[in-house]
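Colleague: Fold the following, please.
(chains A and B)
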Amino acid sequence: MLKLTINKKTYELDIDPETPLLWALRDVIGLVGTKYGCGMAQCGACVVHLNGEAVRSCVTRVSRAVGKQVVTIEGLAENNDHPLQKAWLELDVSQCGYCQAGQIMSAAVLLRENKNPTDKDIDQAMEGNICRCGTYLRIHKAIHLAAEMQREGSK
Amino acid sequence: MEQTKSTYNRRSFLRSSLLAGGGLMISFTWLPEAAQAASPKELPDQWNELTGYIKISSDNSIKIYNPNPEFGQNVMTSLPMIVAEELEADWQKIVVEMGPHDSVKLGAQFTGGSNSVRMYWKPLREAGAAARQMLLEAAAQTWGVPVEELTAKAGTIYHEKSGRSAVYGDLASKAATIPIPKGMKLKQAKDFKVVRNSQKNVEGLKIVTGKPLFGLDYKHEGMLIAMIHHPPAFGMKLKSFDAAQALKMPGIKDVFTLKLYEEGFEQAGFDTRSFNDLLVVVGKTTWEVMNARKKLIVQWEPTGDTKNTMAGRGGEKREVVVPGDLETTSKQLAKMQEYAKRPAQQLRKDGDPETAFKNAAQVIERTYNAPFLAHNCMEPMNFFAHVTEEKALLVGPLQAPGWTEPTLAKLLKLPPDKIEIQMTRMGGGFGRRAYGHYLSEAALISRKVNAPIKLIYTREDDMTYGIYRPMYTATYRAALDANKNLIAFHVKGGGIPEHAIHANRFPAGAVDNYLAEGWQIPSNITIGAFRAPRSNFNAAAEQSFLDELAEAMGKDPIDLRLELLKRAKENPVGKNNEYDADRYAGILNLVKEKSGWGNPENKKYNRGVAAYFCHNSYAAHVVDIVMKNGRPFVERVYSAIDCGIVINPDAAANMVEGAVIDGIGNAFYGRLSHKEGAAEQNNFHRYRMIRHSEAPDQIEVHFVQNDIDPTGLGEPPFPPVFGAVANALYKATNKRLYDQPYLDQLLNSTNKSENRKSF
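Modeller: Next comes the predicted model:
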């Protein structure tokens, strides 16, 4: 039995400890906001936070998450009001939307570490997240806007 | 108000009905002739019905159903906006839902061909206007006042004289008893309040909070997971397998084979599939099935030449031989060069091109090549199916339920009304999900295991057995006289397995002597529509060639195009020219102005321009490239688009930005190559996608402001990106690039431009 804490809730799973966290989340727990894109840490659609760090859940064994805090897109903000979520809506970033949860989860770690990221910082932090629809420009703008909201909010 | 004759004829009808519990429902059924008129060339015969809904309940909630599948083009928002506009509803209070699919009552629902808004524009306006008129009439009867004294605004009807008002919900039941008006009074464009104003994506919040929206997210009681173990290469098939180890793996229910199409099955145009003999693993969870699949011991063997039976439009079928070769990209290229020398099919001829070329003072000839491309939708192909003896439920991402349903009906031997297809949001489409073989596969698997299943393609499955953009080549020739006037133009295009030539497009119509020819090489590598099919290659090749031609003629590349368009307008050559020269020139002039073309302050940029017409709309881009550490980066892009009335401007700009980035990515890196029939790229570590740092810093999108009915936007901005990038790369590197992907050629080539000569 694996005991996991996901979005502050505790789950006990009776699954192969080798199972990628992605499939534990999607198939077993039923949190499907975290997406499958490549299965080999190439596209970033599956990014979640493990003790606050962005990890690719498709190549992270579920056993690695035992005793740690897992946060998925569903638990990023209690009222779905993370500055990134608000900025994404304000700038209407999404097209198909499939990659956006992963984009936001990657960006959330960047914004926590860097209150005022430059375009270059964003490029570096986000390079592992593919958007097939090509919303990169709006994602950049939304991260800048979220950083601004975050700075205003903390004043 | 603009009076319109109803587009509903005896073959189509509007319907209104009382909802259980009170309220009005308006739907309209649109039968074949009407839908065909939307795009006679691009809509196959079986795909020609459409429908939309408005539901108003007595508690005053207004629900608008989006009729067309959503794959990121934002029709979930833009199509209901059109209804709400004519309905005079308060957009902020509208509830939008994805409509169901029903091939008889609701008709064709098709995302593709930049068709959604174009196809639905008038019918949805009429549906909204009819509902508004019925609600007004209901108020007039209730209050005993002339309908002319009433106004409708934001979901409320007002009688100014008496000061009375009522919300739509209060009138809905009464309105449902009013006959459908015969002539619709449509609003004038100047009075639009919802349309032409940016409205936010109605599913935006669900997307950023991770709600289940996509096919892969769909869950069903007792659902199993299925995967197909496919042959390692095109031209191979299953010989034998040993599933003993796989069946011992945890969670595994069954391993079996099944045939997708039986011998002689008449394939319709969108029944394309890569492999017919399927080895299937079914189990409880995705991870368990993935693991078990690796334990299969399988022998494969060459297919040899095979036959497909294709359904003909008039009922006659034909046999098509699919060659069994294990194809390799370098050999395909050599074969294309050989085929290019042979006589080809003449597609159009104006004047006397042979003589003009013979007498020319100068002939410029260039050959362009482009590889197969994989769609690489972020959400891999997948579909849920629950098939029983009596009925079938299918849920998932697809562009063309109306094309897939007849196939399912044939395969499952079920009448269409026993087949329910629910459309989820798609994690990208780009043409790939117009091919519904994966629904058919899912359905047959479900029937076989007698359980609800979800068929999932891994990324590797998705990339290595796709329905790809074909491999293309084209040789362009231009003849100049002694004064450097263009006297003849010749294009000869080929491809595996089809060529890309649109013979009646620009510069056809602008040159006295013109010849277009095409040839093709059959292949077992499966191909299909990919964002702006054919155009996505033509706009690379032709627009690069025009740039080189302008240089040879000593002309500015925009000026040369404008001169040719002037000729095409004032004194067109030949017949059937597909484009409108004024609209074409309009985008060139707009991009020229907005980009500051020729402005000295832009000299630090390596600028390339291209313009193209496809899918009824016009797009031009100016691309500004800078070199950093010996590598080109697109820093800025200016885009000018004429797609008629823009429904949702900010979302439309987003789509153009996306098309620009998609175009840069595919122009720089896109390639699917084969070795002995096997795709050499099977995941994103080998298939290079454009990433964050490679996107431009700035994309300025400008729409031509006019009141032309919408002409489509999903595809038109994509093709000319390739040409503009190639032309900017020439300025940046002083090398003309002829082979895609351009960065491969640039980083691998010598200093001298090389060009394969085909003729």
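
Colleague: For burial, what's the neighbour tally of residue B:653?
Modeller: When neighbours are counted by other CB atoms under 10 Å in any protein chain shown, residue B:653 registers 21. All C-beta atoms are positioned from the backbone trio N, CA, C, and that covers glycine.

Colleague: Need the per-residue pLDDT for the residue in chain A positioned nearest to chain B.
Modeller: Here chain A gets closest to chain B at one residue, residue A:33, 1.9 Å apart by CB to the nearest CB. Per-residue confidence (pLDDT) for residue A:33: 98.

Colleague: can you tell me which residues contact the residue in the stretch 451-600 of chain B that chain A sits nearest to?
Modeller: At 4.6 Å from chain A, residue B:459 is the closest residue in the stretch 451-600 of chain B, using CB to the nearest CB. Residues near residue B:459 by CB atoms under 8 Å, 6 or more residues apart in numbering or on different chains: A:37, A:38, A:39, A:40, B:380, B:682, B:683, B:684.

Colleague: Tell me the pLDDT of it.
Modeller: Residue B:459 is assigned a pLDDT of 98 by the prediction.

Colleague: rewinding a little: can you confirm the residue of chain A closest to chain B is in a helix?
Modeller: No: assessed with DSSP: H, G, I helix; E, B strand; the rest coil, residue A:33 is coil; it does not lie in a helix.

Colleague: need the contact list for it.
Modeller: Taking CB under 8 Å, 6+ apart as the test, what residue A:33 contacts is A:72, A:73, A:74, A:101, B:209, B:210, B:211.

Colleague: what's the nearest residue to it if we skip its chain neighbours?
Modeller: residue B:210 (1.9 Å; CB to CB, 6 or more residues apart in numbering or on different chains).

Colleague: The one you found against residue A:31, yeah?
Modeller: Yes: here residue B:210 reaches residue A:31: they are 7.4 Å apart, a contact under CB atoms under 8 Å.

Colleague: joint contacts of these two?
Modeller: With CB under 8 Å, 6+ apart as the test, residue B:210 and residue A:31 both reach A:72, A:74.

Colleague: hmm, back to that, in space, what's closest to the residue of the stretch 451-600 of chain B closest to chain A - neighbours in sequence excluded?
Modeller: Per CB to CB, 6+ apart, closest to residue B:459 is residue A:38, 4.6 Å.

Colleague: State the number of residues packed around the one you found.
Modeller: Residue A:38 has 26 neighbours, counted by other CB under 10 Å.

Colleague: Could you do the one 4 residues further on as well?
Modeller: By the criterion of other CB under 10 Å, residue A:42 has 20 neighbours.

Colleague: ok, now residue A:66?
Modeller: Neighbour tally, residue A:66, other CB under 10 Å: 15.

Colleague: what's near enough to touch it?
Modeller: A:2, A:3, A:4.

Colleague: For the first one, which non-adjacent residue is spatially closest?
Modeller: Spatial nearest neighbour of residue A:2, chain neighbours left out: residue A:13 (4.7 Å); criterion: CB to CB, 6+ apart.

Colleague: Name all residues that make contact with that neighbour.
Modeller: Counting by CB under 8 Å, 6+ apart, residue A:13 touches A:1, A:2, A:4, A:24, A:28, A:29, A:62.

Colleague: From the residues you listed, which land in strands?
Modeller: Judged by DSSP state E, those include A:2, A:4 as members of strands.

Colleague: what's the farthest-apart pair in the contacts of residue A:13?
Modeller: The span of the contacts of residue A:13, defined through CB to CB, is set by A:1 and A:29 at 14.1 Å.

Colleague: So which of those two has more stuff around it?
Modeller: Using other CB under 10 Å as the criterion, residue A:1 and residue A:29 rank with residue A:29 on top: 20 against 7.

Colleague: Just the buried ones from the contacts of residue A:13?
Modeller: Taking 16 or more other CB atoms under 10 Å in any protein chain shown as the criterion, what is buried in the contacts of residue A:13 is A:2, A:4, A:24, A:28, A:29, A:62.

Colleague: Could you export the residues you listed as TSV, including pLDDT?
Modeller: Listed next are the buried ones among the contacts of residue A:13 as TSV, based on pLDDT from 0 to 100:
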residue	pLDDT
A:2	96
A:4	97
A:24	98
A:28	96
A:29	97
A:62	98
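
Colleague: Looking at these, which is nearest residue B:407?
Modeller: For residue B:407, the nearest member of the buried ones among the contacts of residue A:13 is residue A:28. The distance, counting by CB to CB, is 34.0 Å.

Colleague: State the distance from the closest one to residue B:353.
Modeller: Counting by CB to CB, to the nearest Å, the gap from residue A:28 to residue B:353 is 67 Å.

Colleague: Next one: residue B:229 from chain A, what distance?
Modeller: Separation of residue B:229 from chain A (CB to the nearest CB, to the nearest Å): 16 Å.

Colleague: Between the two ends of stretch B:333-347, how far is it?
Modeller: End-to-end distance for stretch B:333-347, by CA to CA, to the nearest Å: 23 Å.

Colleague: Now that stretch: buried residues?
Modeller: B:333, B:335, B:336, B:337, B:339, B:340, B:344, B:347.

Colleague: quick one: the residue nearest to residue A:33 is in a helix?
Modeller: No: Residue B:210 is assigned coil when assessed by three-state DSSP, not a helix.

Colleague: one step back: for the residue nearest to residue B:459, what are its contacts?
Modeller: Contacts of residue A:38 (CB under 8 Å, 6+ apart): A:45, A:58, B:459, B:683, B:684.

Colleague: Could you list which residues are in contact with residue 150?
Modeller: Chain wasn't specified; assuming chain A. Neighbour list for residue A:150: A:83, A:111, A:115 [criterion: CB under 8 Å, 6+ apart].

Colleague: wrong chain, I was asking about chain B
Modeller: Each residue near residue B:150 by CB under 8 Å, 6+ apart is listed here: B:136, B:139, B:140, B:157, B:158, B:159.

Colleague: Likewise for residue B:201?
Modeller: Contacts of residue B:201 by CB under 8 Å, 6+ apart are A:92, A:94, B:74, B:76, B:77, B:207, B:651.

Colleague: let's see 7 Å
Modeller: The contact partners of residue B:201, by CB atoms under 7 Å, 6 or more residues apart in numbering or on different chains, come to A:92, A:94, B:74, B:77, B:651.

Colleague: Check those residues against residue B:715 and report the nearest one.
Modeller: Proximity of those to residue B:715 (CB to CB) peaks at residue B:74, which lies at 14.4 Å.

Colleague: Go ahead and confirm that closest one touches residue B:651.
Modeller: Yes: if you go by CB atoms under 7 Å, residue B:74 and residue B:651 touch, sitting 4.5 Å apart.

Colleague: Check the stretch 501-650 of chain B for the residue nearest chain A and tell me.
Modeller: Nearest to chain A in the stretch 501-650 of chain B, going by CB to the nearest CB, is residue B:650, at a distance of 5.9 Å.

Colleague: That residue - that's part of a helix, no?
Modeller: Yes: Residue B:650: assigned to a helix according to three-state DSSP.

Colleague: For it, which non-adjacent residue is spatially closest?
Modeller: Closest residue in space to residue B:650, ignoring its immediate chain neighbours: residue B:198 at 3.6 Å, by CB to CB, 6+ apart.
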